[in-house]
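Q: Just the structure for this:
(chains A and B)
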Amino acid sequence: MESRRNPRAVVDPKVRQVGFFTSSQPDSTHQPDPIASESHPVASSISPSGNSLSPVMIPPPRHNSSDTFLLRAAAAAASAVSPSSFSYSTRRDFPDGSMTASPGRVSRASFSKPSSSLPGVGMDSMAAAKSSSVPASGLTTVSVVNMPPGLSEKESDQKKNSKPLKEKTTKAERRALQEAQRAAKAAAKAEGGKAPLVSSGSVASTNVKAAKPAKPSSQKNDVAVAAPGPSEKKGGQTEKDRKKDAPHPRMQYDDESRVVKAKRRAVVKQTEAKNRVELFRHLPQYEHGTQLPDLETKFFQLDPMHPAVYKVGLQYLSGDISGGNARCIAMLQAFQEVVKDYSTPSEKTLNRDMTAKISSYVSFLIECRPLSVSMGNAIRFVKNRIAKLPITLSESEAKAALQSDIERFINEKIIMADTVIVKHAVTKIRDGDVLLTYGSPTAVEMVLLHAHELKKKFRVLVVDSRPKLEGQLLLRRLIKRGISCTYTHINAVSYIMHEVTKVFLGASSVLSNGTVYSRVGTACVAMVASAFRVPVLVCCEAYKFHERVQLDSICSNELGDPNAISKVHGREDINYLDGLTNNANLQFLNLMYDATPSDYISMIITDYGMVPPTSVPVIVREYQKEHSLV
Amino acid sequence: MPDVQSMVLEFVNKLRKRKIEGSQATARCTVELLRSVISHHRVPHANQASALIDAVKAVGAQLVAANPVELAVGNVVRRAAVAGLDLLDASDDDEDVNGKGIGYPAMSAAVVAAAARSTLRPPSLQTLLEGTPESATAPYTSSSGADSESKTADKSSITRKLKHDVIEGVNQLIHEIAGCHEQIAEQAVEHIHQNEVILTLGSSRTVLEFLCAAKEKKRSFRVFVAEGAPRYQGHLLAKELVARGLQTTVITDSAVFAMISRVNMVIIGAHAVMANGGVIGPVGVNMAALAAKKHAVPFVVLAGSHKLCPLYPHNPEVLLNELRSPSELLDFGEFSDCLDFGTGSGSPLLQVVNPTFDYVPPSLVSLFITDTGGHNPSYMYRLIADYYSADDLVM
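A: All right, here's what the predicted structure looks like:
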């Protein structure tokens, strides 16, 4: 830490000029010593094993970044990181419960407590920091592998550090984060503009922390926001460009400059649909069916792409794999292949290079189809595991550990979870029940089949809707097993709801306000069911839970192929809209998901048991805790 | 008059095979048929009016039986009978009452059930049964002016005159049915504001005219059309809206709930409006109405007066519904092994439900717009009482 404090002393005024760290500054001035002494043992105990290269003290997770290019990083970091590294080390202490160690930190903790429940958040952001800061530094390697260093480096960098962060931070925090990134950039620019990117990731992640105490005093925050403005303007242009290049999982597609840049580096050249619905400009909408042949021809040009990932991506694109679990498992298995075939390039460390690789694969998969929440959680898990690989492991050991970790995730979080859900849900099915289900949820299908095996007497109503007609597949499978079924379409749901005794639904994700994010139409079914006083049970694995909140189905959604709506499959007589698809007055909206308000849901069946929708945030928190401790 | 009989039969066949669809088309055809029935009817010397009415009702009963779900048929038959009933007062015979009494057994069970309901209005029935001629309908017919007019008419007025009057009344009815679109559309600008987002469902000419009328008055607004599987009439509506230059977005039916939060108003065309203010509309309407209620979006129903039905519904989702062919939902080829084609191999594993209509309870409806203006659901019973005589609830 001393070595760091030196440059900081030099840069100190700059940090102040940036003005953002007002809240944490007092802290750092008050108690640099306890922190230093605190993080010293930790850092020093590990760093010798990792790198003999640098005398610079780096906290453990970041410590992986200490390779050839650490000096650069250190130089850049020194400018802006000082508060960040500081807060980082504090954060590390939280899980240990050693919060009482220093008075300064205690006051800090108590300060930030009101803004959010600390342990959970600390854990979150810790995980985030790990998955973000490490990739951040690992990024340069990608750029070496790839193409023009500037672009690719920046894009994957941004993705990694912003993805896990964005998903879990509040708006204010996100804003703070942006400001912090800008501030860091500006500072680094002034320093000489050398690779500030690397540090920005960690700065950002840590500054989430720093920003939190500042939140109550919004005035300060405003000042901070105002301050970096000019300094950024003078230098940050190219930096900004590169930063914005990043494909973000929840990128807002109404920002034209971003879209143009994202397109420039996209592997999958999707053609934008021409005729789009005004309300959904913030979501990507592409002409479907044009990319596949294009991608196929490109296969040999995409040398860094692992064939397994490539295959999965194509399957997403063509729709061969759909459903949250199937997509997630396919992706994880592809990653297993990746790990198996991986060999660390010389002069790289496994952790960093692998995370970078995974990130580039993930961005490819996003281009093929936006990530589902389940996949996002799984990716977070994988990155977390990579980041936590002990440096002492040999490459083959590390690979084996990773593979078994992924295997374990698939088995525990998906397959075992489903069996537990089935066990719970079956208890809710009685003889004589009439169960309604919508679409083709895998968990519900397992429940029904299991109940049938238990010789329960019940009937199933399969409700389906255009354009996917997934219900027909479910219908076929149920009938094959000898379950008596009734099939209908979603419009008729109020006609048949009279006879229904329970509604079983699946979910793509359950958000922490209890909203169930699921196949479009689920909300309709749940609404009608609750209007008819029929209990609605949602089966969802806990790994699909997410701390995001959502009130409507418009802010975040996925758009399917609009042409699937104008053409009715198998009904040639319905051709009213032929030849009108390019009419400027006519749009087609093919939503993929919708958000069911929690008041329609009676119960959510997960692997943790059967809970009301109000208990979702508890599970999200517990799950995250378990997740980061594993 | 074999020609009239054959016309009736032909129309009954069409109704039975569902060749005529849409309440407006059916209503118009029915009235035109009734007009020719009346004009060809040989009127006996005594008891002219009641004989006419009986003839109309006999044909009406056939038509209703042919398609009991198409309530518009019954509605216009009743309306035509009202035209005759106005004249009935003029020719005051006790026999006409008897004639009606004889008519009852011929009615279908449903109609008799409806008859039982009319006992809720004792004065009318009592006067009817007691045969007090001064009567029957006066308090319940809207056209009390015409009533008195016909009363003043000479009792011994020639048959031609009477028939002429009835046909005149029926012509008026035809005119009304034909003109209801314009009447309703005229009110469009009062209900649609600039930049409005409107959701509609199914294909209704009334809705089309309504939206286009607002468009012609230079309102600019956007329309979301739910496609209305499995008949996809939404596609048809979208096509016509686009042809008239309206900003149209087609959505799947499942996205109705997702989109309703961004919609300012739901406008649908009714298949029939019941006396309690409930609406029978294209399938899927109830879902949209529930979603609209949840998001406090006004749910507006457009209905011409021929759609106002004097019956109070009981379990209308089932009893006033019609199941269409499963082939619209499932490809028989794919599921041929599971479907029971009536060959009867025990109980089939797979059943397919494909209803045509949906019932929206009055509590979910915000407003009715009819050709006489806007009304609350709770007021519909009164509006209906204006159009129909209590006696005609039974045909």
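Q: domains for chain A, by residue range?
A: A:304-414, A:428-557+A:592-629 (the TED database).
Q: what about the shortest one and chain B, any contact?
A: No - for domain A:304-414 and chain B, the contact criterion (Cβ under 8 Å from any Cβ of the partner chain) is not met; the two come no nearer than 15.7 Å. Backbone N, C-alpha and C define where each C-beta goes, glycine included.
Q: The one residue in the stretch 51-200 of chain B that gets nearest to chain A and residue B:189: what is the separation?
A: Using Cβ to the nearest Cβ, the single residue of the stretch 51-200 of chain B nearest to chain A is residue B:197, 8.8 Å away. Separation of residue B:197 from residue B:189 (Cβ to Cβ, to the nearest Å): 17 Å.
Q: Looking at the two, which is more packed in?
A: Each of residue B:197 and residue B:189 has its neighbours counted (other Cβ atoms under 10 Å in any protein chain shown); residue B:197 has more, 18 against 14.
Q: low pLDDT regions in the chain?
A: If you meant another chain, say so; for now it's chain A. By pLDDT under 70, the low-scoring segments of chain A are A:1-174, A:176-177, A:179-180, A:183-251, A:259, A:262-275, A:286-304, A:627-630.
Q: not what I meant, chain B
A: B:1-2, B:43-47, B:84-160, B:337-347, B:391-395.
Q: Tell me, domain by domain, which residues of it belong where.
A: According to the TED database, the ranges for chain B are B:2-91+B:161-178, B:180-392.
Q: Show me where the stretch 151-300 of chain B has its helices.
A: In the stretch 151-300 of chain B, the helices defined using DSSP state H, counting those that start in this stretch lie at B:159-186, B:188-191, B:205-216, B:233-243, B:256-260, B:285-294.
Q: near chain A, anything from the third one?
A: No - using Cβ under 8 Å from any Cβ, we find that helix B:205-216 stays clear of chain A, coming within 10.9 Å at best.
Q: residues in contact with that helix?
A: Under the criterion Cβ atoms under 8 Å, 6 or more residues apart in numbering or on different chains, residues B:22, B:24, B:180-182, B:184-189, B:191-192, B:198, B:200, B:221, B:223, B:237, B:240-241, B:244-246, B:267-269, B:302-304, B:369 lie in contact with helix B:205-216.
Q: For residue A:595, what are phi and psi?
A: Per-residue torsions, residue A:595: phi -110, psi 120 (degrees, to the nearest 10).
Q: pretty sure it contacts residue A:514?
A: No - the criterion here is Cβ atoms under 8 Å, and residue A:595 misses it with residue A:514 at 10.3 Å.
Q: Looking at the two, which has the bigger crowd around it?
A: Higher neighbour count among residue A:595 and residue A:514: residue A:595, with 27 against 21, using other Cβ under 10 Å.
Q: Would you check how far apart that one and residue A:549 are?
A: 10 Å.
Q: overlap in contacts of the two?
A: Each of A:511, A:515 lies in contact with both residue A:595 and residue A:549 under the rule Cβ under 8 Å, 6+ apart.
Q: Nice, that's everything, thank you.
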